[in-house]
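> Kindly generate the corresponding structure for this input.
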Amino acid sequence: MAGGHLEVLFRDGGLRAWLKLGADFLIAWKPYHYDASIYVNVGASYTFDINLLFTRVRVTISVDVGAQLHLWGPDFSGTARIDLSVISFTIAFGAGASQAPKPLETWKEFQESFLPLEKDVCTISVKSGLVRNIQAKDGEPERWVINPKQFSLVIDSAVPLKSALGGKLKDANTDFGIAPMAVRKQTQTPPSPPQKQFTDSNLTIAITGDNTQFKYLPIKKLVPAGLWGESATPSLTGQKFLENVVTGIEIIPGNSPASSETKEIKVDVFKFQDEFHPNAFQWELASSFKRDKEADARATIAKTVGSNKKRDDLKAELGVKFDISIGKDFAGDFVTAPQIGTLELCQPK
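Prediction:
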């Protein structure tokens, strides 16, 4: 929609002259419809006084000419109205088509024009709690590693919802239709004359396992009335958006993990015992330790601290993306070099 208005006024003593012109355009593409109004008005007036014998009379003479052109289609139609000071008349021209556009007739036509592909009508995404994303390969689906305590999954629907999970949505606006098809909202009593009604749009979520461990929160947004209103006829003064309409569901953990207390652990359990105890660690005694030279120990640390294959393999397995940067000078920061050598253990009897 677009429009504008211009007004020019001239005044000099008792003389006044004016020019008013403007235009308003409204175009809809599905169903295709256009409506334009162009108007112009030109006028002048002159005011003067006439002195009579005992009084003075003020007289104003004015001339006003206006024209208004109204165009709409398809098919191209219109009217032209001419307004003079003493007379006005209207001239019709074109095909004389209805000023209301013809609604789309089938859901397929609406779907192809306004909705994504069928597989993308509903989408699922991770709002929070994503630990790792394992990309799909060799025909396997994409997999997500998710923190079960803080995760949030969001299911978005390109079609607004009137119900979800088999039940009605509370405190939500379900009074909407399909504007390009002139499908009205559902009413309790059948309309007269009969009209198409948008009865239901339900979202079903299937979770394998115990689905009682989750909460389901409706996601409410503004939706355009030109798409989900009730009339296929565009309006400059009509409602632009519908509020409080559910367009998706957020899935979050049902209950936070309950706090627990650390149980008492007896220190005697960790003591070394000659005889095997089922709850004790099997400590092994070292018989000897062959210590390497101090210089070699520092050289070994300096060589492996910057690049270590085992550490790199562990990072890859854990999915760590950032680099662990440790300079080779780290080895020289020790006041005393750590002992590096070979530990020989006692053979079990």
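> Low-confidence stretches in the stretch 151-300 of the chain?
Along the stretch 151-300 of the chain, segments meeting pLDDT under 70 span 188-194, 211-212, 257-258, 269-287, 292-300.
> Helices of that one, residue ranges please.
Under the criterion DSSP state H, counting those that start in this stretch, the stretch 151-300 of the chain contains helices at 225-228, 294-304.
> Got the domain ranges for the protein?
Listed by automatic domain parsing, the domain ranges of the chain are 2-94, 124-253, 267-345.
> So what's the gap between the first one and the chain middle?
In other words, domain 2-94. Relative to its chain's centre, domain 2-94 lies at 46 Å (CA atoms, centre = their mean, to the nearest Å).
> tell me, how many neighbours does residue 342 end up with?
9 (other CB atoms under 10 Å). For every residue, glycine as well, the C-beta is placed using N, CA and C.
> Regarding it, which helix or strand does it belong to?
Residue 342 is part of strand 341-345 when elements are defined by DSSP states H and E.
> before we move on, back to that, now the domains of the chain as TSV including distance to residue 115?
Below are the domains of the chain laid out as TSV (distance: least, CB to CB, whole Å):
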stretch	distance to residue 115
domain 2-94	12
domain 124-253	5
domain 267-345	36
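> so which of those gets nearest residue 260?
Smallest distance to residue 260 across the domains of the chain (CB to CB): 14.2 Å, for domain 124-253.
> Show the end-to-end separation of the closest one, please.
This stretch, domain 124-253, spans 16 Å end to end (CA to CA, to the nearest Å).
> Give me the distance from it to the chain's centre.
Worked out by CA atoms, centre = their mean, domain 124-253 lies 11 Å from the chain centre.
> swap in stretch 92-109?
That offset, for stretch 92-109, works out to 32 Å (CA atoms, centre = their mean).
> List the buried residues in that stretch.
By 16 or more other CB atoms under 10 Å, the buried positions in stretch 92-109 come out as 97, 101, 103, 104.
> Could you do stretch 121-129 as well?
For stretch 121-129, using 16+ other CB under 10 Å, the buried residues are 122, 129.
> Show the average pLDDT along it.
For stretch 121-129, mean pLDDT is 89.
> Return the set of residues that bridge with residue 10.
residue 17 (DSSP bridges).
> Surely it is in contact with residue 45?
No: applying CB atoms under 8 Å as the test, residue 10 and residue 45 come out as separate, 10.9 Å apart.
> what about the two, which has more around it?
More crowded of residue 10 and residue 45, by other CB under 10 Å: residue 45, with 15 against 10.
> beta partners of that one?
residue 16, residue 62.
> And residue 57, by the same measure?
residue 50.
> could you list every residue that touches the closest residue in space to residue 127 that isn't next to it in sequence?
Using CB to CB, 6 or more residues apart in numbering and skipping residues adjacent in sequence, the residue nearest residue 127 is residue 152, 3.9 Å away. Counting by CB atoms under 8 Å, 6 or more residues apart in numbering, residue 152 makes contact with 126, 127, 128, 129, 250, 251, 252.
> Any figure for the gap between the closest residue to the fourth one other than its chain neighbours and residue 130?
Leaving out its chain neighbours, the residue that sits closest to residue 129 by CB to CB, 6+ apart is residue 151, at 3.0 Å. In this structure, residue 151 lies at 8 Å from residue 130, with CB to CB, to the nearest Å as the measure.
> what do you get for residue 254?
From residue 254 over to residue 130 (counting by CB to CB), the distance is 19 Å.
> more crowded one of those two?
residue 130 (16 against 12).
> Check what contacts stretch 232-245 and list those residues.
Outside stretch 232-245, the residues touching it (CB under 8 Å, 6+ apart) are 1, 24, 26, 28, 31, 33, 35, 99-104, 160, 171-176, 179-182, 220-226, 228-229, 231.
> One more pass at 7 Å, please.
For stretch 232-245, contacts defined as CB atoms under 7 Å, 6 or more residues apart in numbering pick out 1, 26, 28, 31, 33, 100-101, 103, 160, 172-173, 176, 179-180, 182, 220-226, 228-229.
> Enumerate the positions of the strand holding residue 342 that are buried.
So for strand 341-345, nothing qualifies as buried (16+ other CB under 10 Å).
> mind listing what it pairs with, with the direction of each?
strand 286-291 (antiparallel).
> For residue 8, which non-adjacent residue is spatially closest?
residue 19 (4.4 Å).
> Tell me how far that neighbour lies from residue 34.
As it turns out, when the distance is counted by CB to CB, residue 19 lies 27 Å from residue 34.
> Residue 149 now?
56 Å.
> Those two: which has the busier surroundings?
residue 34 (16 against 9).
> gap between the more buried one and residue 116?
27 Å.
> On the three-state scheme, the residue of the chain most remote from its centre is what?
Within the chain, residue 53 marks the point farthest from the mean C-alpha position, 80.5 Å out by CA atoms, centre = their mean. Judged by DSSP: H, G, I helix; E, B strand; the rest coil, the three-state class of residue 53 is coil.
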